[in-house]
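J.: The following block contains a protein sequence and its predicted model.
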Amino acid sequence: MGDDKAGDGSLQDTVEVSPKDVPDASRQVIDVHPGMLIDRQYRVQRSLGAGGMGQVVLARDEVLERDVAIKFLNPRAPIGEAAVTRFLNEARAMARVRHENVVSVYSLGMINTVPYMVMEFVEGCDLAAWLEGRISPSIDEAMGILRQVCRGVQAIHDAGAVHLDIKPRNIFLGSGFRVTVGDLGLARFVSGPDGLAQEGVAGTPTHMAPEVITGVMTPELAQRADIYSLGVLAFQLMTGEVPFQGRTAAGVMAQHVTSPPPSPSSVAAALPLAFDAPILTALAKNPSDRPFSAMTWFTQLLVARKSVAFTLDAPRILIADDDAAFRRFACEVVRETIDGVSLTCADDGSQALAELDARPYDVAVLDLQMPGLNGLEVVAALSERPDNLRPHIVVVTAVGSASDWNILARLGVDSFLVKPVTPGQYTRTLQRLLSLRGWANPTDSLR
C-alpha cells in the first residue's frame, strides 16, 4: 500500500487514458426532462444520475405498466462515433446476459442522434452508497454480497464477455438484498476480431487489473481481469479499504502493476487469517495465477468462511412457514435450545428465498405450502446451487404424498417432519444437521 494515502474519491470513478473521441458537430442534443415521452411509450419521471458519459432517468413504461431505467449517452453534448460504438457494445453485452444478478436490458433506441437503452429498474442503491458512512459489513454480509456478484460476473463470462469495471458503484442492492451487476460500459467480447482491441487504458484506478493497465490482455485469460477486480472488491468489503491507494490515478495504477498487495488481515486486525489466501490469490499479478472462474474463486472464500465458523458467530437458521402459530412454536424451540442462534423467520417462500440469497444459512426449515413461492419451488431454486453454497434443508408440512417426498429427496432435502411436531423432534433434527454442517459439539449448545 502506498505511503501517500488519500480518500477513495474520484479514484473510484471510471477514467479513460486514450485519444479523445472527437465530437460530431452534426449530432443533435436533447433535453431529457420529467414528463418527456420517449417513443410514445416511456414517460420520464426523474433523474437517477448523470455524469460525463451520460444520464440515467427513471421512466414509466406506459404500455407494459412498469418502471424502467433509461440510460442516454451524453444527451446534452455532441458525441463521437467511438462513444456511440462503446455504448452499443455495452447494450449488446448486457442484452446477452439473462441472470437475476445482472441488470437486464429490455431494448435499444435512438432520439434524433442520441442513443439510449431501456433497462430493468433496480430500486435501492449502489454498493458505494450502501457502504458510505458505515463500519465495514460483517463477514456474512460481505459473503452474501460477493456470492451474488460472483454469480452475475460468472453469467457475463458465460455469455462470452468481460466486464472490466467491477466496483461498488456498478453493483446495485435492491429489495430483499438482491444484488445485481450493471454498467457494462467498458465490457468487451472475448471472441471476434475486435473483441479485445482498445486504444489506451480505460477503467477504475482502484480496481483495475495489471494487464488492463499495461494493455497485454489475451483472449484466453481476459476474464481473469474481472477476477482481479473481484479480489479488490473482497478486500474492500472485508477491510474497509482498497489494497492500493494514492493521490493520483497514475500512482495507484503503477502499484497495481508492480507492488505486492498487503494481506487483508494486516489492514483489518479482526479479519481471520483464513481470508488472506483466497483474496491474495485473486490479486495475483499474473492472470494465469488467479482462479479460472468467479464461482471457483468464491468457493475458496466459502472454504475460508467455514474454517472460522466457530469463532465468528452462532449457527444461522431460517424458518419459513405461513402458519403464525407454528412459526412461533418453531422459533421458540430454536431460541430455547440453541445458544446465541442467528434466527430469521419468514411467512412466505419469496421472502425466504430472498433471505437465502442475501446471506449464508446453515439450515433452512421450510413449510411445503406457502404463498409467494411454495416449499417445493424454494427447494428447486436451492437445488441449482453447488452443495457447498446451499443450506441443509428440512421440510415441515401437514400435507404431502409419497411423490412429494420422492421429488424433494431428489432435489436434496435432508429431512422431513410431519405436523404436529414435538420440540424433541425439532431439536434432534436440527442437532443432526448442524453437526453435518461442521458445528463442533452441537450438544453443547443444543440442550
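T.: Happy to help now that I have it.
J.: Against Ile156, how distant is the residue nearest the centre of the chain?
T.: The centre of the chain sits closest to Val149, judged by CA atoms, centre = their mean, with a distance of 2.4 Å. Remark: distance between Val149 and Ile156 (CB to CB, to the nearest Å) = 11 Å. Backbone N, C-alpha and C define where each C-beta goes, glycine included.
J.: now the helix or strand hosting the residue nearest to the centre of the chain, how far from the centre of its chain.
T.: Assigned by DSSP states H and E, Val149 belongs to helix 139-158. With CA atoms, centre = their mean, to the nearest Å as the basis, helix 139-158 stands 4 Å off its chain's centre.
J.: Send me it as PDB with only the CA atoms.
T.: Taking Å, rounded to 0.1, in the frame of the first residue of the first chain, the C-alpha atoms of helix 139-158 are listed here in PDB:
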ATOM      1  CA  ILE A 139     -18.200 -11.200   7.100                       C
ATOM      2  CA  ASP A 140     -21.500 -12.800   6.400                       C
ATOM      3  CA  GLU A 141     -22.900  -9.700   4.800                       C
ATOM      4  CA  ALA A 142     -19.700  -9.400   2.700                       C
ATOM      5  CA  MET A 143     -20.000 -13.100   1.700                       C
ATOM      6  CA  GLY A 144     -23.700 -12.600   0.800                       C
ATOM      7  CA  ILE A 145     -22.800  -9.700  -1.500                       C
ATOM      8  CA  LEU A 146     -19.800 -11.400  -3.000                       C
ATOM      9  CA  ARG A 147     -21.700 -14.600  -3.800                       C
ATOM     10  CA  GLN A 148     -24.300 -12.700  -5.800                       C
ATOM     11  CA  VAL A 149     -21.700 -10.500  -7.500                       C
ATOM     12  CA  CYS A 150     -19.700 -13.600  -8.500                       C
ATOM     13  CA  ARG A 151     -22.900 -15.300  -9.900                       C
ATOM     14  CA  GLY A 152     -23.500 -12.200 -12.000                       C
ATOM     15  CA  VAL A 153     -19.900 -12.000 -13.200                       C
ATOM     16  CA  GLN A 154     -19.900 -15.700 -14.000                       C
ATOM     17  CA  ALA A 155     -23.100 -15.200 -16.100                       C
ATOM     18  CA  ILE A 156     -21.400 -12.300 -18.000                       C
ATOM     19  CA  HIS A 157     -18.300 -14.500 -18.600                       C
ATOM     20  CA  ASP A 158     -20.500 -17.400 -19.700                       C
END
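J.: right, and the helix or strand after that helix?
T.: Next along the chain after helix 139-158, taking DSSP H and E as the criterion, comes strand 161-162.
J.: per-residue confidence averaged over that next one?
T.: Per-residue pLDDT values across strand 161-162 average out to 88.
J.: For that strand, name the packing helices and strands.
T.: Contact analysis of strand 161-162 by 3 or more CB pairs under 8 Å, 6 or more residues apart in numbering; DSSP states H and E lists strand 188-189 as its packing neighbours.
J.: So what are the sheet partners of the strand it packs on and their directions?
T.: In the sheet, strand 188-189 lines up against strand 161-162 (antiparallel) (DSSP bridges).
J.: partners of the very next helix or strand once past the partner strand, with directions?
T.: Next helix or strand after strand 161-162 toward the C-terminus (DSSP H and E): strand 171-173. Applying DSSP bridges to the sheet, strand 171-173 is found paired with strand 125-126 (antiparallel), strand 179-181 (antiparallel).
J.: List of residues touching strand 171-173?
T.: Contact with strand 171-173 is made by 103, 122, 124-127, 130, 145, 149, 179-182, 233, as judged by CB atoms under 8 Å, 6 or more residues apart in numbering.
J.: Out of those, which end up buried?
T.: Among these, the ones that count as buried by 16 or more other CB atoms under 10 Å are 103, 122, 124, 126-127, 130, 145, 149, 179-182, 233.
J.: Point out the least confident member of those, please.
T.: Minimum pLDDT across the buried ones among the contacts of strand 171-173 is recorded for Gly124, with 80.
J.: What sits closest to that one if chain neighbours are left out?
T.: Leaving aside its sequence neighbours, Gly124 sits nearest to Gly174 (CB to CB, 6 or more residues apart in numbering; 4.2 Å).
J.: That neighbour: what's it in contact with?
T.: Gly174 makes contacts with 122-124, 180, as judged by CB under 8 Å, 6+ apart.
J.: now those residues as JSON lines including distance to Glu62 and secondary structure?
T.: Shown next, in JSON lines, are the contacts of Gly174 (distance: CB to CB, whole Å; DSSP: H, G, I helix; E, B strand; the rest coil):
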{"residue": "Val122", "distance to Glu62": "20", "secondary structure": "coil"}
{"residue": "Glu123", "distance to Glu62": "19", "secondary structure": "coil"}
{"residue": "Gly124", "distance to Glu62": "23", "secondary structure": "coil"}
{"residue": "Thr180", "distance to Glu62": "24", "secondary structure": "strand"}
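J.: Which members of these are the farthest-apart pair?
T.: Across these, no pair lies farther apart than Glu123 and Thr180, at 11.2 Å, counting by CB to CB.
J.: wait, isn't the residue nearest to the centre of the chain in contact with Val232?
T.: No. Using CB atoms under 8 Å, Val149 is not in contact with Val232, being 11.8 Å away.
J.: shared neighbours of the two, anything?
T.: Residues touching both Val149 and Val232 (CB under 8 Å, 6+ apart) are Ile166.
J.: For this protein, which helix or strand comes out least confident on mean pLDDT?
T.: Lowest on mean pLDDT, DSSP states H and E among the helices and strands of the chain sits helix 309-312, with a mean of 49.
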